[in-house]
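S.K.: Show me how the following folds:
(2 chains)
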Amino acid sequence: MRQRITYFRPQDADWDPNQLEIFDSSVQGPAIQALKEHKITLTLPELPSELAGLLRDLEQLHLRWAAPASYDTLEPFSSRISPGLHVSYTPAKEDQDPEKLCTALQAFGRLDCSSPDVFINFSDGRQQGSPALFFYNELEKLDGFAKRLGPVVCSGPSATECRKQLHELKDAVSLDMSYDSTSEAVKIQALWPLQKREISVPASPKGRTEVGILGRDAPPGMEPHEIGVSGVLTVIGEQNEPSPALFAFAARHRAASGSFTSRFQQPTGLHPTLQLRLSGTAAPLDDDEAECAPYAYLTLPKVIFADRYQLADELFLASKNLTAAKYVSEPVDLEAPAYTTKPWGSNVLLQLAPPKDEAAAKEWTAEVPLHLRYLKPTPTGKEEAGIPYPVVFWACDGNQDAAYAVSPFDRATLGYDGLFEPGTTFWHVSPKPEADGRLINNISVPVVTEGASQWVGIGTAVAVVLGFAWVLLTLAGGYAKSGHGTVVAKKEGEGKKEK
Amino acid sequence: MPSSLLTPLFRPIPLFSLAALLRLALLLYGTWQDAHSAVKYTDIDYLVFTDAARSVSRGLSPYARETYRYTPLLAWLLVPTASPRLFSFGKVVFALADLLAGWLIVRVLRKQRGMSTERAGAFAAIWLWNPMVATISTRGSSEGLLGVLTMALLWAVEGGRIGVAGFLLGLSVHFKIYPFIYAPAIIWWMDDEHLGKRASKPPASLADAVLRFASPERIKLTLISLSTFMGLNILMYYTYGTPFLTHSYFHHVTRIDHRHNFSPYNIYLYLASANPSSSSLHAFLPQLLLSCLLIPFVLAKKDLATSMMAQTFAFVTFNKVCTSQYFLWYMIFLPLYLPESSMLRVPRRGITALLLWILGQAAWLQQAYELEFLGVSTFFPGLWLASLAFFLINCWILGIIISDGAERSIQKVHTT
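M.R.: Down below sits the predicted model:
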């Protein structure tokens, strides 16, 4: 087991490395403005046997969670996913039992993943090596997960410390757990947002614990596509003095200037429009550096969906400030109610069309036409649904050979990255929440009121019987008058009767 | 009846020229709107057809297009639309089908009802100049094709063209299923008297009656229509396999129809669909009893056209799903039903029926607008009551049509 804890400071913040106190079993320091990343690398034998057994059946597994609360971050921790739990995996064998994974996932809370049809095919249209199946579920907090995980992973003399660390997950804004069968390693990465925090890292009882206090810098010879970093590093128990560090690495995810908000245009009706309001129309890189275009990647729970056919008309797209629907996951039933729809929902990648006149529009809006599914009856005639904010970014052509993966802070397989060429850089536009500070768009879906059923059954029956009886009566009347045969004309005399 | 000022317009050349002009204008306007506005004139269904046609032109299955629930014949017919310059080809075909249906109406009225050219033209104008009909076909909905098929079916039957009638019946059932309701009416109608044969003595026994009922003409119609229907199905199944059966036929049995529409069963079906154990197949009972059995039994021999109108009206009114395009299915028969109807004889009745029919739809549409665009939960009671009211209005109108049909005596030209 290896652990790496990084405190990352904003560029302008003052900090004296000598304030860092390095003990044999911990590192302590004063409170500083920083975000914190905690990375743990484990091998399969270090895991509880049940968990290891589950992972051995898989080729790869990625669990990613993002908090619904808005948070501030810094490069190189700029990558974003929609709030909620994202699960993608590839089974090692065709006949892998999806039940097992779903049962394990219940550690996060009640997740509706028991049927294999809940997962959607993920590898279509993506880079080779992308996971095969994908599932998303909204997940508000990690509290329950931390509580349930405690008894499983924390044991022995360090159990208390272990539980304490797990408990800290309640403040995390992002959690990644990745496994792949080639390295047989499990990587866990948690991120705490930028805020004033004390430096306090206990040594891990089982392995190496590295601590870094870093910030942005510009080492000599740094390439434009790289991020430079400087600060101090230390390994608990191995070093008594922090060692200075200065290095640069290629970054897949960058921060773009500006921000965006997402909201539903009112009234929403059954065909709501999601408005993405972006500030800034300028690409993060100049034309001669790289080709860039803005995108939105939507994660849509099954209550709402985009119609791929509607998003095919150029004129229609242009009127919404959209360029194209580059990807819509399959299958998406265009008619079924939510309660008969098996897949968890769908993903959509939209290329946005910023206004040509950069000066005229500092702020611009792209509109995403969506459709609601029918939901089960409720007592109020309304059902509230929360749709996670999309991820909005500029994708820029990059160097295919850029070694993003060697970056100590790289993050890949986020869903949208696999839909672009390798080497693409993602410049993330930071999401600004609506009034409630959450990156969730709430929508009220009209449904039939539960109380209706007692009236509708009987009322419809009465109406149909009445209507049917009326028609029968007129038929009987007609039959009584003239039977079922041909009527002969009376007015025009008897002559017509003869054939 | 039509004022003398309009009479010259009902002559064939102005009648059809105006009908064609109306469609041409709508077609051009639609092309313009599609090219200049994000709100499209073209019906979404047309995009489904043309996507399927493109699919077929590449040698793929039309069912590769989601929500294509039609016979592959339609996709084949529209193959030219796969070329972008001929995108509107299908709309032209549907518009021409409207005109051909109008021509058949005039023909039936003149040759088989002995009506004057102008009078026949005036009634045909109800179809030919109907803005609803012209809009639906130029927006690219295929319902107009059903209009021409059913009118041709009536024309063939009344003209004694049994082979053609059998073929048309089989084809139209393959196309859209619902015309199967016409089969019992036509079979029932095809007695010696209607076929212009000398009426024979009353049958001596039940066996004799049955034997005589199974006349060569009836057997011929049954065989030809069945073999056309099955032949097409086998051809399509052979070409496109199970997806053909699933989308063209089984879909209509398994569909849950939870989304709001004019049907009286609509809200009931929505509620039922949320409760997986329930079944709603009994809703077919009143619908099929009326449209396949009782109405043709009482009306078909008296007036086949009115019987077909009433059957279609009953089928659409009692259907589990009902949208305004379905109204076209019975509107094609209006020019044949109206001339002798009490709706014209007693104008107040006709106007009341028309107003109530429009008002029922308007009330429903208002509730649906609040639901669909404003997100107000109008399912209950607004939308539900509106659909029941519209249903009862339709039942009342159906009663009038049936009463009219029961008193009807058709004077056929060849029997006098």
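
S.K.: How much space separates residue A:140 from chain B?
M.R.: 25 Å (Cβ to the nearest Cβ, to the nearest Å). Heads up, the C-betas are built off the backbone N, CA and C, glycines and all.

S.K.: And residue A:263, by the same measure?
M.R.: Separation of residue A:263 from chain B (Cβ to the nearest Cβ) stands at 15 Å.

S.K.: How about the contacts made by that residue?
M.R.: The contact partners of residue A:263, taken as Cβ atoms under 8 Å, 6 or more residues apart in numbering or on different chains, are A:274-275, A:277, A:434, A:441.

S.K.: Just the closest residue of chain A to chain B, please.
M.R.: residue A:478 (2.6 Å; Cβ to the nearest Cβ).

S.K.: burial measure for that residue, as a count.
M.R.: Applying other Cβ atoms under 10 Å in any protein chain shown, we find 24 residues neighbouring residue A:478.

S.K.: swap in residue A:200?
M.R.: If you count neighbours by other Cβ under 10 Å, residue A:200 ends up with 12.

S.K.: Can you tell me the element it falls in?
M.R.: Using DSSP states H and E, residue A:200 sits in strand A:185-202.

S.K.: so where is the stretch 201-350 of chain B shaky, pLDDT-wise?
M.R.: B:277-281 (pLDDT under 70).

S.K.: please redo it, this time with the cut-off set to 80
M.R.: Applying pLDDT under 80 to the predicted model, the residue ranges of the stretch 201-350 of chain B that meet it are B:201-204, B:254-257, B:276-283.

S.K.: Please, where are all the helices along the stretch 151-300 of chain B?
M.R.: Assigned by DSSP state H, counting those that start in this stretch, the stretch 151-300 of chain B shows helices spanning B:162-176, B:182-189, B:206-213, B:216-240, B:242-245, B:251-254, B:266-273, B:284-288, B:295-299.

S.K.: So residue A:214, which state does it fall into?
M.R.: Counting by DSSP: H, G, I helix; E, B strand; the rest coil, the backbone at residue A:214 sits in strand.

S.K.: Setting the sequence-adjacent residues aside, check what's closest to it.
M.R.: Leaving aside its sequence neighbours, residue A:214 sits nearest to residue A:231 (Cβ to Cβ, 6 or more residues apart in numbering or on different chains; 3.6 Å).

S.K.: Quick check: the one you found touching residue A:215?
M.R.: Yes: proximity of residue A:231 to residue A:215 meets the contact threshold set by Cβ atoms under 8 Å, at 5.7 Å.

S.K.: list residues touching both of the two?
M.R.: Joint contacts of residue A:231 and residue A:215 (Cβ under 8 Å, 6+ apart) are residue A:9.

S.K.: picking that back up, may I have the residues that are in contact with the residue of chain A closest to chain B?
M.R.: Going by Cβ under 8 Å, 6+ apart, the list of residues near residue A:478 reads B:298-299, B:402-403, B:405-407.

S.K.: I figured residue A:213 hits residue A:18, correct?
M.R.: No: counting by Cβ under 8 Å, residue A:213 stays clear of residue A:18, with 11.5 Å between them.

S.K.: wait, isn't residue A:134 in contact with residue A:413?
M.R.: No: using Cβ under 8 Å, residue A:134 is not in contact with residue A:413, being 10.3 Å away.

S.K.: of those two, who's got more company?
M.R.: A direct count of neighbours by other Cβ under 10 Å for residue A:134 and residue A:413 places residue A:134 higher, at 25 against 20.

S.K.: ok, and the closest non-adjacent residue to the more buried one?
M.R.: Counting by Cβ to Cβ, 6+ apart, the residue nearest residue A:134 is residue A:122, at 3.8 Å.

S.K.: quick one on the thing from earlier: is it true that the residue of chain A closest to chain B lies in a helix?
M.R.: Yes: judged by three-state DSSP, residue A:478 forms part of a helix.

S.K.: who's in contact with the closest residue to it other than its chain neighbours?
M.R.: Setting aside the residues directly before and after it, residue A:478 is nearest to residue B:406 in space (Cβ to Cβ, 6+ apart), at 2.6 Å. Contact analysis of residue B:406 by Cβ under 8 Å, 6+ apart lists A:474-475, A:477-479, A:481-482, A:487, B:298-299, B:302.

S.K.: how about 10 Å then?
M.R.: For residue B:406, the residues meeting the contact criterion (Cβ atoms under 10 Å, 6 or more residues apart in numbering or on different chains) are A:474-484, A:487, B:298-299, B:302-303, B:306-307, B:310.

S.K.: wait, isn't residue B:327 in contact with residue B:141?
M.R.: No: the pair residue B:327 / residue B:141 is not scored as a contact, 11.7 Å apart, by Cβ atoms under 10 Å.
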